[in-house]
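> Pasted the sequence and its predicted model underneath.
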Amino acid sequence: MGITIAVLTLGGAGLVCALILVVADRFFAVHEDPRIETLTALLPGVNCGACGFGGCVEYARALLAVVGATPANLCPAGGAETAHAVAAMLGIEAGATDKKVALVLCGGDSARAPRRFLYNGVADCAAAHAVGGGDKLCRHGCLGYGSCARVCPAGAVEITAGQLALVHADLCIGCGACVKTCPRKLIRMIPAGRTIHVLCNSPEKGPAVKKACQVGCIGCTLCAKLAPEAIQMNGFLAAVDYARELDNQEVVDKCPTHCIVRR
Amino acid sequence: MTAYILIIVSAVLVNNFVLTRYLGICPFLGVSRNLPTAVGMGAAVIFVITCASAVTWGVQVALLNPLRLEYLQTIAFILVIATFVQFVEFVIKKTSPGLHRGMGIYLPLITTNCCVLAVAVLNIQLQYNLLQSVAFGFGASAGFALALVIFAGLREKIDRACPPESFRGTALALLTAGLLGLAFMGFAGLVKI
């Protein structure tokens, strides 16, 4: 007798619960635009926020809210492929896309750019930078505490053994999160596929740079003379103008401090 | 009134579910990697446990006690809690999409959280009435949320402090949890129940 009551009670309770859920599912059913799901599937799904919306789903919602009001080319992670797929689905113009990748403008690893003092605090670039201007002798170089690597949604930033941030261009999705994070502002977004870079961010004069780093730009202007159309002197710092093509091996070979590299 | 405040304070600080009773350790270690997730989880737990203690109290008094089926307590409570959480998820999804996005993903996680069941069972064992049960549920879950948020904050800071390689991850998390529990021992004897 006891077992019958137990089974009936629990079974009945389970049935009532199931009924409640069935009714609730019907009653509270949310009719969502099925296109949102399809559109979200077309997006990369990294939720990096580079499009200016809260994530891939939010971008999909915005695209569908008023078709045509939100451009289809806002996703740098997806690039041209995603823009075309999204545009084809919505029947709007894809718009121009140019894939960009981040570049760390510093080549001074721990072997080549000495430190002024032993920093033993919180392993965060902003914190290290706040302590007497950072522990690196060069006040413009990469501190290497990995703030950029932590915010990177694609895991494209590596902190090398020499305590230097290195962006792997093949993994970089171009969201620009690292650019915003770096307290020393030495990460730049450049067009993908470029190979020759001036890896220095120090605008100081030659002797000062030389004291702080073996691979810094000393402002000798040699590269600017060899490739005047693509490299400009920015005070004492050579800067590649990525708007122009540059494929001149000579500037790499002739740079006296080897701060111009091909990568 | 004082009795209810005492129940809440005792459940939050003195008999903290995570740090004194060692309940709900799984989400405590799992969802405490960063502060925003910990806050979301904490809010979801507070909501679910507070409501679930009322519902399970009703089940015990109205269904199990009259039929002399007290031995089915655990299984009945799990059934009711799971249904309730699922029901709440439907309602939130319909009425407040924003809240659902913030809290929704944590709701299914809570269904089988031992914290929820422990509160429901303790309510009956301590022979609380309905209001006392709700107060106890709220206190216990607020204590859980408090511990979770403090712990997440500590873990975020520890990650930045470059601990030795062999300590990183779970090892240091457990050490930190132990020290946090030790700190909460300072509240012992604050409330006598």
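Arrived safely.

> quick one, what contacts residue 151?
Went with chain A since none was named. A:177-178, A:180-181 (CB atoms under 8 Å, 6 or more residues apart in numbering or on different chains). Heads up, the C-betas are built off the backbone N, CA and C, glycines and all.

> My question was about chain B, not that one.
B:Phe151 neighbours (CB under 8 Å, 6+ apart): B:28, B:32, B:38, B:176-177, B:180.

> Tell me which residues of stretch A:89-106 come out buried.
A:90, A:92, A:94, A:97, A:99-106 (16 or more other CB atoms under 10 Å in any protein chain shown).

> Same question for stretch B:84-103.
B:84-90, B:92-93, B:100-103.

> need the contacts of B:Phe151 in a markdown table with secondary structure, can you?
Shown next, in a markdown table, are those (DSSP: H, G, I helix; E, B strand; the rest coil):
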| residue | secondary structure |
| --- | --- |
| B:Phe28 | helix |
| B:Ser32 | coil |
| B:Ala38 | helix |
| B:Thr176 | helix |
| B:Ala177 | helix |
| B:Leu180 | helix |
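
> which one of the residues you listed sits closest to chain A?
B:Thr176 (16.3 Å; CB to the nearest CB).

> I'd like to know how many residues surround the nearest residue to that closest one once chain neighbours are set aside.
Spatial nearest neighbour of B:Thr176, chain neighbours left out: B:Leu154 (5.4 Å); criterion: CB to CB, 6 or more residues apart in numbering or on different chains. Other residues lying near B:Leu154 total 17 when counted by other CB atoms under 10 Å in any protein chain shown.

> would A:Gln232 count as being in a strand?
Yes. Under three-state DSSP, A:Gln232 sits within a strand.

> where does it sit relative to chain B, distance-wise?
In this view, A:Gln232 and chain B are 38 Å apart by CB to the nearest CB, to the nearest Å.

> I'd guessed that residue sits against A:Arg244; true?
No. Applying CB atoms under 8 Å as the test, A:Gln232 and A:Arg244 come out as separate, 9.9 Å apart.

> Any stretches of chain B with poor pLDDT?
Where chain B drops to pLDDT under 70, the residues are B:103, B:192-193.

> Run through the residues of it sitting next to chain A.
B:59, B:63, B:67, B:69, B:72, B:75-76, B:79-80, B:82-83, B:86-87, B:90-91, B:93-95, B:97, B:157, B:160-162 (CB under 8 Å from any CB of the partner chain).

> how about 10 Å then?
B:59, B:63-64, B:67-69, B:71-72, B:75-76, B:79-80, B:82-84, B:86-95, B:97, B:100-101, B:157, B:159-163 (CB under 10 Å from any CB of the partner chain).

> what kind of secondary structure is A:Gly162 in?
coil.

> State the number of residues packed around A:Ala177.
There are 21 residues near A:Ala177, going by other CB under 10 Å.

> Once you drop chain neighbours, what's closest to it?
Per CB to CB, 6+ apart, closest to A:Ala177 is A:Val151, 4.5 Å.

> How about A:Ala111?
A:Gly162 (5.8 Å).

> Name the nearest residue to B:Lys157, ignoring sequence neighbours.
Here the residue nearest B:Lys157, using CB to CB, 6+ apart, is A:Val122, at 7.6 Å.

> OK, contacts around that neighbour?
A:128, A:130-131, A:145, B:157, B:159-162 (CB atoms under 10 Å, 6 or more residues apart in numbering or on different chains).

> so who does residue 136 touch?
The chain I'm using is chain A. Contacts of A:Lys136 (CB under 10 Å, 6+ apart): A:106, A:108, A:110, A:113-117, A:119, A:128-129, A:142-144, A:163, A:184, A:212-213.

> looking at chain B here, not the other one
B:4, B:7-8, B:10-11, B:15, B:49-50, B:53, B:57, B:119, B:122-123, B:126, B:128.

> Could you pick out the residues of the stretch 1-150 of chain A near chain B for me?
So the stretch 1-150 of chain A meets chain B at A:2, A:5-10, A:12-14, A:16-21, A:23-30, A:32, A:54-55, A:57-58, A:120-124, A:127, A:145-147, A:150 (CB under 10 Å from any CB).

> Could you export stretch B:148-163 as CSV, CA atoms only?
Listed next in CSV are the C-alpha coordinates belonging to stretch B:148-163 (Å, rounded to 0.1, in the frame of the first residue of the first chain):
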residue,chain,number,x,y,z
LEU,B,148,31.5,34.0,-4.8
VAL,B,149,32.0,37.7,-5.5
ILE,B,150,34.8,38.1,-2.9
PHE,B,151,36.5,34.9,-4.2
ALA,B,152,36.3,36.1,-7.8
GLY,B,153,37.8,39.4,-6.9
LEU,B,154,40.7,37.7,-5.1
ARG,B,155,41.3,35.3,-8.0
GLU,B,156,41.4,38.1,-10.5
LYS,B,157,44.0,39.9,-8.5
ILE,B,158,46.0,36.7,-7.9
ASP,B,159,46.2,36.0,-11.6
ARG,B,160,47.9,39.3,-12.1
ALA,B,161,50.4,38.8,-9.3
CYS,B,162,52.5,36.2,-11.1
PRO,B,163,52.2,33.3,-8.6
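
> rewinding a little: how about the contacts of A:Val122 in TSV, adding neighbour count, distance to A:Ala169 and secondary structure?
Formatted as TSV, those follow (neighbours: other CB atoms under 10 Å in any protein chain shown; distance: CB to CB, whole Å; DSSP: H, G, I helix; E, B strand; the rest coil):
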residue	neighbour count	distance to A:Ala169	secondary structure
A:Ala128	21	26	helix
A:Ala130	13	30	helix
A:Val131	13	32	coil
A:Tyr145	26	22	coil
B:Lys157	11	33	helix
B:Asp159	18	27	helix
B:Arg160	16	27	helix
B:Ala161	12	31	coil
B:Cys162	13	28	coil
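
> about what we covered before: compare A:Gln232 and A:Arg244 and say which is more crowded by neighbours.
A count of neighbours by other CB under 10 Å puts A:Gln232 above the other of A:Gln232 and A:Arg244, at 15 against 11.

> Please name the bridge partners of the more buried one.
Following DSSP bridges, A:Gln232 is listed with bridge partners A:Ala239.
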